[in-house]
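Novice: Quick one, what's the 3D model for this:
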Amino acid sequence: MSNALTKKKKKVAIVGFAPTWNKTPFDDQEFEIWGLNELYKYFERTPNARADRWFEIHNRNSPSKNTKEHITWLQNCPIPLYMWDHYDDMPSSVVFPKEKIIKYLEDKGYSGSKYFTNSISWMIGLAVYMKFEEIHVYGVDMAQESEYQWQRPSCEYFIGLAEGLGIKFYIPGESDLLKAGQLYGFETDNQLRVKMKARIKELKQRKKALEAEINRAQQGIQQHSAAINQITGAIEDCNYWLKNWVD
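Specialist: Here you go, the predicted structure:
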């Protein structure tokens, strides 16, 4: 697609799956919105959600990416869809310009120009290459002890790289990116309290949602049990009539 490397706005919001994804400025028309992978499932149930570009830079034949639902969505993606190759069955797919990004950063003298360990780092790299003036990252935590924690240093490296090039960067306070428990050597109070309160709030919301599901399931079980008892009684009644009144 001809506009694959032409930015529409001066600002871009890169969106992941962590809880702060819902802070994305969907209503702010100064932003391009970039989504990835199966995030469309979140967007579909959010009335004001929108996206300008989509990213699926995994092997499309891997089991997790080769589900019928996901392939169907990619085939019908209405915006530029960045993948490692163009696929004829996915008309909006465009080749992700990894070589151009690497060369651009090498020419700038960055020794970590190939330090890409995750999709978000690649997306930041593309935003840098496209010369966005401001980059926001929402829904990206890469918390320690999570399955993504080993990817976090790469993401933080490219955030620093972008800021070093004069690009304004924003990360929600609840994110683990660019966070330390305290300033080494002298600080005893820190942002951990803010992080934990946000985490507790998130967990309470998840707990409440699960409890509601359990309640609905229990009500369903009770209704079905009552229906089974009625049917059982009807069967016994029919058997009585067959046994005693029908030749």
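Novice: list the buried ones in stretch 19-33?
Specialist: For stretch 19-33, the neighbour count (16 or more other Cβ atoms under 10 Å) marks 19-21, 23-24, 26, 31-33 as buried. Any C-beta I mention is one placed from the backbone N, CA and C, and that applies to glycine too.
Novice: Which of these fall in helices?
Specialist: Among the buried residues of stretch 19-33, no residue falls in helices (DSSP state H).
Novice: quick check, nearest of the residues you listed to Asn66?
Specialist: Trp21 (24.4 Å; Cβ to Cβ).
Novice: just to revisit the earlier point, check the buried residues of stretch 19-33 and tell me the two furthest apart.
Specialist: Pro19 and Glu32 (22.0 Å).
Novice: What ranges does the protein have for its helices?
Specialist: 40-44, 68-75, 98-107, 119-129, 152-164, 192-245.
Novice: do you know how far the nearest residue to His58 once chain neighbours are set aside is from Met90?
Specialist: Among residues not flanking His58 along the chain, Lys65 sits closest, at 5.1 Å (Cβ to Cβ, 6 or more residues apart in numbering). Distance, Lys65 to Met90, using Cβ to Cβ, to the nearest Å: 12 Å.
Novice: who's more crowded, the two?
Specialist: Met90 (19 against 15; other Cβ atoms under 10 Å).
Novice: related to what we said a few turns ago, present the helices of the chain as CSV; the columns should include distance to Asn59.
Specialist: CSV is the format used below for the helices of the chain (distance: least, Cβ to Cβ, whole Å):
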stretch, distance to Asn59
helix 40-44, 19
helix 68-75, 13
helix 98-107, 14
helix 119-129, 12
helix 152-164, 19
helix 192-245, 31
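Novice: Nearest approach to Asp141 belongs to which of those helices?
Specialist: Short answer: helix 152-164, nearest of these by Cβ to Cβ, at 8.5 Å.
Novice: pLDDT of the closest one, averaged?
Specialist: Across helix 152-164, pLDDT averages out at 93.
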